[in-house]
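Engineer: Turn this into a structure:
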Amino acid sequence: MTSERGAGDRVAGPEGVDGDVDVCVVGAGPAGLTLAIGLRRLGLRVRIVDNASGAGHGARVLVLWARAREALDALGVGELLRRHGVEPDTVTIHARDRFLGELTTGWALSAHARPLAVARHDVERLLREELARLGTRVEWNAEVTGVEVHADRAAFTLRHADGRVESAAAPWIVGCEGASSVVRDRLGIPFEAHRRTGLRVAQGDVRPTGPPGERPGRGHLFLSPHRSLLVLPLPGGGFRFFCFRDDPGPSRATAPSGAGLRDLAADVLHAPGLRLVATTAPGRDRDRFGDGVAARLRHGRGLLAGDAAHTWAPVGGHGVNVGILGAHNLAWKLAAVHRGQAGEGLLDTYSDEQRRMAVRYVRAMRFDFMELPLPPLGHRAFTAALPRRGLRRRLDLRRDHRGGALSWHLAAPHRRTGPRAGDRMPDVRVVVGGPVARRMHTLLAYGRWTLILHAARAEPAVVDALRQECARFPAPVRILSVTPRDGVEAARLGHPGDLCLVRPDGYVGLVAPLARPALLRAYLAALGPAGPGAARGPRRIRPRRAW
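Structural biologist: Numbering: from 1, shown residues only. All right, here's what the predicted structure looks like:
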């Protein structure tokens with residue numbers, strides 16, 4: 001399906017459903033575009049609309065962390081984004097005139113050892129171009145004004161720039177249009193954002209005349225009472241300045257000016273003569289924020305993703321990342337349900353998993369004292385306790401879906417190695433049919449499940465029994481026999497006597513004894529359209545214990 005033709009040329013299917021559309025995505029930000037690409041990769045027909053007049057060019061930079069980069073890799077756009085960003089290798093930390101240490105941004109547990117700093121408008125442009133290559137273009141000046149969900153479709157109205165009102169329908173609609181989501185409002189989903197008091201943010205893309213500008217690829221964090229200044233390198237030179245500060249004038253409605261950012265930075269840096277030359281036009285970003293998570297992310301055939309589902313202050317730089325991961329989680333599940341490969345209960349697991357992840361980030365970022373401005377006493381205590389070296393951030397790699405309806409950990413209790421059900425599958429180095437070790441994530445695919453076995457235990461009779469169980473499942477499953485490269489990687493992979501079923505989005509769904517294929521059968525049956533999950537969702541039929 002392409003959306004290059006006008007809306008009036010669309011062909012209505014049964015009961016008003018557009019015969020050219022499987023999913024209508026509302027909002028062309030990073031989450032909406034990621035979702036649309038994921039759906040198109042899986043063969044669904046997508047219409048994506050946005051009420052803006054066109055692409056934005058505000059001065060905003062994103063930091064893409066390892067897990068979001070892995071998700072974008074799985075959708076085929078990770079390398080494209082990497083070429084347009086900068087990967088800081090270290091972030092120096094200073095308190096006033098004192099050097100406190102370095103934050104190491106890289107680690108060996110992901111192919112993306114470092115975060116990627118990239119302009120938001122570049123991210124959106126590259127995602128739009130990829131989506132266009134897949135046959136779908138964004139429809140601008142199309143404002144959703146009404147949404148009604150029925151048993152077999154979602155009906156919606158669009159107001160176009162010329163005043164024309166269009167009535168349309170699709171099997172599914174997903175609101176990704178931001179914190180003031182019309183889709184969320186029309187679906188009647190409660191959303192209460194609690195204002196973050198005592199915090200303001202000033203930001204801009206600049207070239208400073210003095211520090212910090214010595215070495216490309218290095219970021220900086222400057223801490224002082226009531227202030228923190230994060231400085232990230234930009235593609236093509238210059239820096240992105242994020243200044244988090246207290247809010248001494250909560251009644252003032254205007255955002256800080258460029259001069260205000262300079263004054264804040266000069267105060268934190270102890271550089272009264274500092275000059276900042278803007279490298280891009282200033283954006284119109286909010287400088288006050290609220291923390292909020294929607295009560296649920298699904299109402300029948302209407303769903304939410306991105307800032308329409310959850311939003312919080314930009315401390316830690318994880319907001320867009322969590323939105324991208326949510327879109328990555330949703331696309332394969334929505335495609336499976338739409339194709340009849342799974343019951344609709346699978347979509348409820350998206351809501352449960354994504355809400356819990358967002359709530360965890362909201363809570364964690366309230367205690368991110370590395371960036372939050374502190375009063376003088378708190379500032380002194382924090383900087384005194386800060387270790388001078390060995391600082392690392394692995395926050396997003398540790399986020400999991402343990403305990404969720406899709407996470408069945410049925411291994412023997414004494415087996416402590418390897419991932420647990422609900423964990424991100426480790427990017428283990430393994431050998432598959434040859435002498436060269438490969439990263440596990442290169443062997444996974446977004447369009448299928450992957451059943452991982454230790455080659456040493458993958459006897460033909462065992463593999464045949466597992467293949468028969470997988471053949472009953474309507475979605476594709478690849479059986480992969482691997483040999484860990486060494487003992488360290490073997491421990492990361494898990495016990496040789498267990499099988500590991502990995503979901504299309506890279507999370508572990510099932511860990512179970514290799515000798516008990518009936519457990520695999522029960523798991524797959526719970527997901528299938530004819531199984532209990534078709535009517536009640538996987539949560540209700542999850543085994544309470546393994547042994």
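Engineer: Now do the contacts for the nearest residue to Leu510 once chain neighbours are set aside.
Structural biologist: Take Leu510 and drop its neighbours on the chain: the residue closest to it by CB to CB, 6 or more residues apart in numbering is Leu501, 4.0 Å away. C-beta here means a position set from N, CA and C on the backbone, and glycine is covered the same way. For Leu501, the contact set (CB atoms under 8 Å, 6 or more residues apart in numbering) comprises Trp449, Thr450, Leu451, Ile452, Val477, Val508, Gly509, Leu510, Val511, Ala512, Leu520, Tyr523.
Engineer: Isn't the second one up against Leu480?
Structural biologist: So that's Thr450. Yes - shown here, Thr450 and Leu480 form a contact pair, counting by CB atoms under 8 Å, at 5.6 Å.
Engineer: okay, and the common contacts of the two?
Structural biologist: Shared between the contact lists of Thr450 and Leu480 (criterion: CB under 8 Å, 6+ apart) are residues Leu443.
Engineer: ok, back up a step: test of understanding: give the bridge partners of the residue nearest to Leu510.
Structural biologist: Applying DSSP bridges to Leu501 gives these bridge partners: Leu451, Leu510.
Engineer: Read off the pLDDT value for the residue nearest the centre of the chain.
Structural biologist: Ranked by distance to the mean C-alpha position of the chain (CA atoms, centre = their mean), the top residue is Leu325 at 2.3 Å. pLDDT recorded at Leu325 is 97.
Engineer: So it lies in a helix, does it not?
Structural biologist: Yes - read with DSSP: H, G, I helix; E, B strand; the rest coil, Leu325 is one of the residues of a helix.
Engineer: Between Thr450 and Leu480, which has more neighbouring residues?
Structural biologist: Neighbour totals were compared for Thr450 and Leu480, and Thr450 leads with 21 against 18 (other CB atoms under 10 Å).
Engineer: For the more buried one, give me its contacts.
Structural biologist: Contact criterion CB under 8 Å, 6+ apart gives Leu443, Leu444, Val477, Arg478, Leu480, Leu501, Val502 as the residues in contact with Thr450.
Engineer: Buried ones only from those residues, please, as a ChimeraX command.
Structural biologist: Filtering the contacts of Thr450 down to the buried ones (16 or more other CB atoms under 10 Å) takes a single ChimeraX command:
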select :443,444,477,480,501,502
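Engineer: Just the contacts of Thr450: which are in strands?
Structural biologist: If you go by DSSP state E, the contacts of Thr450 have Val477, Arg478, Leu480, Leu501, Val502 in strands.
Engineer: Phi first, then psi, for Val206.
Structural biologist: The main-chain torsion angles of Val206 are listed as degrees, to the nearest 10 and equal phi -140, psi 170.
Engineer: before we move on, what about Tyr350?
Structural biologist: According to degrees, to the nearest 10, the main-chain angles of Tyr350 amount to phi -60, psi -50.
Engineer: what element comes up after the strand or helix carrying Asp73 heading to the C-terminus?
Structural biologist: Element membership of Asp73 [criterion: DSSP states H and E] is helix 66-74. The element immediately downstream of helix 66-74 (helix or strand, assigned by DSSP H and E) is helix 78-82.
Engineer: in that following helix, what's buried?
Structural biologist: Of the residues in helix 78-82, those buried (16+ other CB under 10 Å) are Gly78, Leu81, Arg82.
Engineer: Same question for stretch 466-483.
Structural biologist: Leu466, Glu469, Cys470, Phe473, Ala475, Val477, Ile479, Leu480, Ser481, Val482, Thr483.
Engineer: And it, how far out from the chain middle?
Structural biologist: Here the centre of mass of C-alpha atoms in stretch 466-483, compared against the chain's by CA atoms, centre = their mean, to the nearest Å, lies 27 Å away.
Engineer: same question, stretch 428-443
Structural biologist: Centroid separation for stretch 428-443 versus its chain: 26 Å, with CA atoms, centre = their mean.
Engineer: what's the answer for stretch 431-450, then?
Structural biologist: In terms of CA atoms, centre = their mean, the centre of stretch 431-450 is set 22 Å apart from its chain centre.
Engineer: got the CA positions of it in PDB?
Structural biologist: Extracted C-alpha coordinates of stretch 431-450, given in PDB (Å, rounded to 0.1, in the frame of the first residue of the first chain):
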ATOM      1  CA  VAL A 431      29.500 -20.800  16.400                       C
ATOM      2  CA  VAL A 432      26.900 -22.100  13.900                       C
ATOM      3  CA  GLY A 433      28.000 -24.500  11.300                       C
ATOM      4  CA  GLY A 434      31.400 -23.100  10.800                       C
ATOM      5  CA  PRO A 435      34.600 -21.900  12.500                       C
ATOM      6  CA  VAL A 436      33.800 -18.200  12.700                       C
ATOM      7  CA  ALA A 437      31.900 -17.000  15.900                       C
ATOM      8  CA  ARG A 438      28.900 -14.700  15.300                       C
ATOM      9  CA  ARG A 439      26.900 -12.500  17.600                       C
ATOM     10  CA  MET A 440      23.600 -14.000  18.600                       C
ATOM     11  CA  HIS A 441      21.600 -10.900  17.600                       C
ATOM     12  CA  THR A 442      22.700 -11.300  14.000                       C
ATOM     13  CA  LEU A 443      21.000 -14.700  14.000                       C
ATOM     14  CA  LEU A 444      17.700 -13.500  15.300                       C
ATOM     15  CA  ALA A 445      15.000 -11.900  13.000                       C
ATOM     16  CA  TYR A 446      12.100  -9.600  13.600                       C
ATOM     17  CA  GLY A 447       9.800 -11.700  11.500                       C
ATOM     18  CA  ARG A 448      10.000 -15.000  13.400                       C
ATOM     19  CA  TRP A 449      10.600 -16.700  16.700                       C
ATOM     20  CA  THR A 450      13.900 -18.400  17.300                       C
END
